[in-house]
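Sequence first, then the predicted structure, then my questions.
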Amino acid sequence: MDSLRALDHHKFSIVYLPVSPPWRNLRKVCAINIFSTKRLDATQAIRRKKVQELLGYVQENCNSGSAVDIGQAAFTTVLNSLSNTFFSIDLAHHESDLSQSFRELVCSIMEEAGNPNLADYFPILQFVDPQGSRKRMTSYIARVFGIFDGIINQRLQVRASSTECKEIDDVLDSLLNLVEESSSEFSFNDIKHLLLDLLFAGIDTTSSTVEWAMAELLQNPEKLAKAQNELRGLVGMDGIDKIVEDFALSRFPYLQAIVKETLRLHPPVPFLVPHKAETEVDICGFRVTKNAQILVNIWAMGRDSNIWANPNSFMPKRFSEREIDVNGQDFELIPFGAGRRICPGLSMANRMLHLMLASLLYTFDWKLVDGLKPSEVDMSEKFGLTLHKAEPLLAIPIKP
C-alpha cells in the first residue's frame, strides 16, 4: 500500500517484503532472538509484573468506585510488557498522558494504513499522493523512529562506556549484537523497521482483543459468570498468573473458547495484511491477475452461516464441540494468518492475551457504568487496518 512506502518502510518491513533472502533473514531473527520458546519463558516475569500493575490500577478504581477504560488499560499493559521485553523500560503508565498519546499514534498509523487510498488503485497517482496519506504516515513513523533513536543511542552509550557493565538481556541487546557481527547483514535501519512492525502490531491487536472479549462478556452476564466460576474453581491457591503462564490452558477450556470466539467475531486485522499474486491464477472460476492485491476477508469468514451456526451470536461453547485452533491449520479461523506469512508473534500474543483476560476475570467482578443494561453495550466497530471498538468500553470493577 502506498501509505506504507513512507520512509521506505516497505523495503524493510517483515510484513510487506516479498519472500526473499531479506525477508527470510527477518523471520529467522524473530524466531531465534524474539519469539523462541526460550526467550518467551525467560520473559514470563515481565508479563506477570505488568499484569500485576494492571490489577493494582484496577484495584484503585475498585476502591474509589471509578470506571476503567478497558481498552486503554489493556493497551498500557501490553505496551509496557513489550517495551520491557524489547528495551527493559516502561514507555507509559496507567492514566498518563504519554500512554494516551502513544495509543492515539498507534491508532492513527493503523487507521491510515487501512483507509482506502486512490493511489493504491491508480498507481500513477503515487507521484502526487492525492489524499496526503503517505505524508501523514511519514509524520507518524518519523515520530516513532525518533523514540527508537533515543532508546538505541542511549543503549549504545551504555555499551561503549562501561566494559564491566553486564549486558542487558533483552531483545534490543540481541539485535545490536547482530548488527555488530561482521557476517551479519542486519542494520540499525532494520532494527527500527522491525520494531515498528512488531511493537505496533503486538500492542494494538492484543489490547483490542481483550477489550472486545470483555465487551462480549459484559453483554452476556451468564457467560461472564461461567468463565469466572471456571477460573476461581480451578486456580485455588496457585495464583492465576502462574497457572496461565505455565500454559496449562487445557485446565481452562472455557477461557480458551472465549478467546477463540472473540477472535472469530472480532478478528484484530479483518482483512489480514494485503497479499500480492506472484503469478496469474484461476481460483474457483475467478481469474486473479499477476500483481493483483489480495485481501482475505476473515471478518466475513467468521460470520459465514455456511460455516458457523448462529454466526452473529457470541457462543464460546461452539469451540467445545469443534476441534478448531488459531494456529493457521484450521482455515475457518485464521486471525493470525496462515502458512509461511503467519504472524511471527502469535505465541507471545497467545500468552499475553490469556493471562490478561484471565487475571481481570479472576480478580474482579464487573458492572457497566451509568446503569447500562447488557443489551445496551455499544458494539459498533471502527475500521482501519485493525478493528477497534468505536466507543471505549467503560466498566466498574467490584471486589468479589
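Looks like it came in fine. Note that this is a predicted model, so its numbers are computed, not measured. Residues are numbered from 1 along each chain as shown.

Could you tell me which residues within the strand or helix carrying residue 233 count as buried?
Taking DSSP states H and E as the criterion, residue 233 maps to helix 221-235. Neighbour-count burial for helix 221-235, counted by 16 or more other CB atoms under 10 Å, picks out 223, 224, 226, 227, 228, 230, 231, 235. Where C-beta positions appear, they are placed from N, C-alpha and C, glycine not excepted.

Make a markdown table from these and add pLDDT to it.
A markdown table is the format used below for these (pLDDT from 0 to 100):
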| residue | pLDDT |
| --- | --- |
| 223 | 97 |
| 224 | 97 |
| 226 | 96 |
| 227 | 95 |
| 228 | 94 |
| 230 | 91 |
| 231 | 89 |
| 235 | 75 |
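
Can you convert the residues you listed into a markdown table and add a column each for distance to residue 117?
Output for the buried residues of helix 221-235, formatted as a markdown table (distance: CB to CB, whole Å):
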| residue | distance to residue 117 |
| --- | --- |
| 223 | 39 |
| 224 | 40 |
| 226 | 44 |
| 227 | 40 |
| 228 | 44 |
| 230 | 45 |
| 231 | 44 |
| 235 | 48 |
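
Tell me the spatial nearest neighbour of residue 17, not counting adjacent residues.
Spatial nearest neighbour of residue 17, chain neighbours left out: residue 23 (4.2 Å); criterion: CB to CB, 6 or more residues apart in numbering.

contact partners of the helix or strand hosting the one you found?
Per DSSP H and E, residue 23 falls inside helix 21-29. For helix 21-29, contacts defined as CB atoms under 8 Å, 6 or more residues apart in numbering pick out 12, 14, 17, 175, 178, 185, 186, 190, 194, 340, 344.

that's a helix at the fifth one, yeah?
This means residue 178. Yes: membership of residue 178 in a helix is supported by DSSP: H, G, I helix; E, B strand; the rest coil.

Make residue 1 into 51 and carry on from there
Sounds good: first residue 51 from here, last item residue 228.

Now do the contacts for the closest residue to it other than its chain neighbours.
Distances taken as CB to CB, 6+ apart place residue 236 nearest to residue 228, at 4.4 Å, with adjacent residues excluded. Residues counted as contacts of residue 236 (CB under 8 Å, 6+ apart) are 75, 79, 225, 228, 229.

and of those residues, the nearest to residue 419?
Nearest to residue 419 among the contacts of residue 236 is residue 225, at 42.9 Å by CB to CB.

Hmm, residue 83 and the closest one touching each other?
Yes: between residue 225 and residue 83 a contact is recorded at 6.7 Å, counting by CB atoms under 8 Å.

Pick out whichever of those two has more residues nearby.
More neighbours surround residue 225 than the other of residue 225 and residue 83, with 22 against 16 (other CB atoms under 10 Å).

For residue 416, see how far away the more buried one is.
40 Å (CB to CB, to the nearest Å).

same thing with residue 85?
From residue 85 to residue 416 the distance is 32 Å (CB to CB).

Could I get the buried residue list for the host helix or strand of residue 255?
Using DSSP H and E, residue 255 falls within helix 238-269. Buried residues in helix 238-269, counted by 16+ other CB under 10 Å: 240-269.

Residue 316: what's its closest spatial neighbour, skipping adjacent residues?
Of all residues not flanking residue 316 in the chain, residue 262 sits nearest, at 4.1 Å (CB to CB, 6+ apart).

can you pull the contacts of the one you found?
Going by CB under 8 Å, 6+ apart, residue 262 touches 312, 315, 316, 439.

State the distance from the most centrally placed residue in the chain to residue 132.
Nearest to the mean C-alpha position of the chain, by CA atoms, centre = their mean, lies residue 255 at 2.7 Å. Per CB to CB, residue 255 is found 12 Å from residue 132.

now residue 284
Noted for residue 284: a distance of 29 Å to residue 132, by CB to CB.

Same check on residue 71?
27 Å.

which one of those two has more residues nearby?
Ranked by neighbour count (other CB under 10 Å), residue 71 and residue 132 place residue 132 first, with 26 against 9.

What helices and strands are in contact with the helix or strand hosting the more buried one?
Using DSSP H and E, residue 132 sits in helix 120-137. On a contact count with 3 or more CB pairs under 8 Å, 6 or more residues apart in numbering; DSSP states H and E, helix 120-137 meets helix 94-114, helix 147-164, helix 221-230, helix 238-269, helix 396-413.
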